[in-house]
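Q: Just to be clear, the model below is a prediction. Sequence and coordinates:
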Amino acid sequence: MKQQRRGRKIAMTPDEIDAFLAEERTCRVATLTASGHPHVAPLWFVWDGESLWLYSIVKSQRWTDLTRNPDIAIVIDAGKDYFELRGVEILGRAVVVGEVPRTDTPDPILSEPESLFARKYFDTDQIPADYKHAWLRITPDKLTSWNFAKLIEL
């Protein structure tokens, strides 16, 4: 993964990134349409410490875009006032993992992201299969982070 060059003084540490991504609930996912225009949509996600996982509807514009071109950009951000602004941008390629669409067949590769997702969003240990979603894994080629509160410390 490429190291962050700009804004290193306000970059989050790896532990801060993990905590931030565990806490935040919505990311914005950017893909490219067939005509080359960006398509941006909000989505729930989980972070396993190495990869970001998206549970996407397989009949969505996002899925169609990523099937054609797996390049993806994702932003997770928070804060209202200037010195509260913080976030993470992830650039990478989406990889389909598991069945499409996902059924209730056990899959050891998906056990961790599914458990993380179920606990984060449903306060349970298991996601009920709806036969409409499937998993995408994005291992960052580049990860950029910022926490404007660190500007106060400079």
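A: Yep, that arrived. Residues are numbered from 1 along each chain as shown.
Q: now for the helix or strand hosting residue 43, which elements pack on it?
A: Here residue 43 sits within strand 38-47, counting by DSSP states H and E. The elements that strand 38-47 packs onto, with contact taken as 3 or more Cβ pairs under 8 Å, 6 or more residues apart in numbering; DSSP states H and E, are helix 14-23, strand 26-32, strand 52-57, helix 61-68, helix 111-122. (Glycine included, C-beta is placed from N, CA and C.)
Q: Provide the strand pairings for it, with the direction of each partner.
A: Looking at strand 38-47 with DSSP bridges, its partner strands are strand 26-32 (antiparallel), strand 52-57 (antiparallel).
Q: how many neighbours does residue 133 have?
A: With neighbours defined by other Cβ atoms under 10 Å, the count for residue 133 comes to 19.
Q: just checking, it touches residue 55?
A: Yes: because the distance of 5.0 Å satisfies Cβ atoms under 8 Å, residue 133 is recorded as touching residue 55.
Q: name the element residue 96 belongs to?
A: Following DSSP H and E, the helix or strand that holds residue 96 is strand 86-97.
Q: Can you pull out the residues in contact with that strand?
A: Contacts of strand 86-97 from elsewhere in the structure, counted by Cβ atoms under 8 Å, 6 or more residues apart in numbering, are 12, 17, 20-21, 52, 54, 66, 70-79, 109-110, 134-149.
Q: Please identify the buried residues of it?
A: For strand 86-97, the neighbour count (16 or more other Cβ atoms under 10 Å) marks 86-92, 94, 96-97 as buried.
Q: In PDB, could you pull the C-alpha coordinates for the helix or strand of the chain with the lowest mean pLDDT?
A: Of all regular secondary-structure elements in the chain, judged by mean pLDDT, DSSP states H and E, the least confident is helix 150-153 with a mean of 85. In PDB, the C-alpha atoms belonging to helix 150-153 read as follows (Å, rounded to 0.1, in the frame of the first residue of the first chain):
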ATOM      1  CA  LYS A 150      -4.200  17.500  15.200                       C
ATOM      2  CA  LEU A 151      -3.800  21.000  13.800                       C
ATOM      3  CA  ILE A 152      -4.400  22.400  17.200                       C
ATOM      4  CA  GLU A 153      -1.300  20.500  18.500                       C
END
